[in-house]
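1. Any chance you can model this:
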Amino acid sequence: MAAERSEYRTSGGIRTSIGKGVALTAAAPTSFTPTDTAYPRAARAVAIDMVIDNGGTIAFRPAQLYFTATVDGAPAKQVIDSTQGYTGVSGATDEVAPSQSLRFTVAFAVPERTCKIEVSVRPDTAAATTIELYDGTV
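-> From the prediction side, this is the model:
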């Protein structure tokens, strides 16, 4: 079940409030070919550039975000390809101070053919609701 939230489109993608004054902007996915050092191995993946803007009064920890994706209705694996800079939240800084922003990228394995992908985030791993970030074809 998707959480209620304020959302609007920007030139950089969809910007949505994830609570406590923190906003997350997600760009549309871009396709790339993972390197041989990527984990897990995949012939193709899509990357989604993210920006966290902390408009709150306390530091925000990006590691509490939990990203998921489905490809044609089946769970997709998150790809870490540090050679190309796709480190996900694990490669992000420990905290985003109030009035600061942070850019990072998450990536998911997809088939080599055109497919439908849905990408969501939970504001923390214990949250029961998810926020949809992208629903489309890649």
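
2. tell me, what residue is most central in the chain?
-> Val106 (4.9 Å; Cα atoms, centre = their mean).

3. does it have beta-bridge partners, and which?
-> Taking DSSP bridges as the rule, Val106 bridges to Ile48.

4. Now do the contacts for it.
-> Counting by Cβ atoms under 8 Å, 6 or more residues apart in numbering, Val106 touches Ala47, Ile48, Met50, Phe67, Gln78, Tyr86, Gly88, Val89, Val119. Just so you know, the C-beta spots here come from the backbone N, C-alpha and C atoms, and that holds for glycine as well.

5. need these in CSV with distance to Pro40 and neighbour count, can you?
-> Converted to CSV, the contacts of Val106 look like this (distance: Cβ to Cβ, whole Å; neighbours: other Cβ atoms under 10 Å):
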residue, distance to Pro40, neighbour count
Ala47, 15, 21
Ile48, 17, 22
Met50, 21, 24
Phe67, 15, 19
Gln78, 9, 18
Tyr86, 12, 23
Gly88, 13, 22
Val89, 17, 20
Val119, 17, 23
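
6. Which one of these is nearest to Thr25?
-> Checking the contacts of Val106 against Thr25 by Cβ to Cβ gives Met50 as the nearest, at 6.8 Å.

7. hang on, the closest one in a strand?
-> Yes. Looking at Met50 with DSSP: H, G, I helix; E, B strand; the rest coil, it is inside a strand.

8. so where's the chain uncertain?
-> 1-12, 91-93, 125 (pLDDT under 70).

9. ok, the residue sitting furthest away from the middle of it - contacts?
-> Farthest-out residue of the chain from its mean C-alpha position, per Cα atoms, centre = their mean: Thr57, at 23.1 Å. Residues near Thr57 by Cβ under 8 Å, 6+ apart: Gly21, Pro98.

10. Alright, calling it a day.
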